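Visitor: Can you look at this prediction? I've put the sequence above it.
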Amino acid sequence: MRGSWPVAIGDPTTPTPQGEFAILTKKINPIYVSEKSGSRQELSGPTSPIGDRYLAFHRNGRGEFGIHGTPWPHWVRTRAAVSLGCVRILNVHVRQLFDLVDVGTTVKIQG
């Protein structure tokens, strides 16, 4: 399957990994954990920083990387390099992608 949607990628200091990967897990309403305010907050749903769909595609020493939604569509529409390495797409697009792929589906990320 091939698809084309605008994306936001990793900041140059935390780049999105390039290569050929496979979808490892798929999650609906994944939990995003934040400790920025000094206390632990667990957020989920379409307004969380990772939206309401998450497709993990790679793990390494920096953590887990996924394709996920975002409540900030501006970053996707401008194709900003602002994430910690994940691939952000619009919530409407990640829902479509989520329904189209299975665990094990090949993901190819190139520069």
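Guide: Received, thanks.
Visitor: buried set for the helix or strand bottoming out on mean pLDDT in the chain?
Guide: Comparing helices and strands within the chain by mean pLDDT, DSSP states H and E singles out strand 81-83 as the least confident, with a mean of 82. Residues of strand 81-83 classed as buried under the neighbour-count rule (16 or more other Cβ atoms under 10 Å) are 82-83. Every C-beta, even on glycine, is put in place using the N, C-alpha and C of the backbone.
Visitor: hmm, who's touching that strand?
Guide: Applying Cβ atoms under 8 Å, 6 or more residues apart in numbering, the external contacts of strand 81-83 come out as 8-12, 14, 16, 75.
Visitor: Neighbouring strands - and their directions - for it?
Guide: In the sheet containing strand 81-83, its partner strands are strand 9-10 (parallel), by DSSP bridges.
Visitor: where's H93, which helix or strand?
Guide: H93 is part of helix 91-100 when elements are defined by DSSP states H and E.
Visitor: Please save the CA atoms from the strand of greatest length in the chain in CSV.
Guide: What stands out as the longest strand in the chain, according to DSSP state E, is strand 53-60. Extracted as CSV, the C-alpha positions of strand 53-60 are listed here (Å, rounded to 0.1, in the frame of the first residue of the first chain):
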residue,chain,number,x,y,z
ARG,A,53,-4.2,6.6,17.1
TYR,A,54,-0.6,5.4,17.3
LEU,A,55,1.4,3.0,15.1
ALA,A,56,4.8,2.0,16.6
PHE,A,57,7.4,1.2,14.0
HIS,A,58,10.8,1.3,15.7
ARG,A,59,12.5,1.0,19.1
ASN,A,60,16.1,1.8,19.9
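Visitor: Name the next helix or strand following the helix holding H93 along the chain.
Guide: strand 106-109.
Visitor: If anything else comes up later, I'll come back, but that's it for now.
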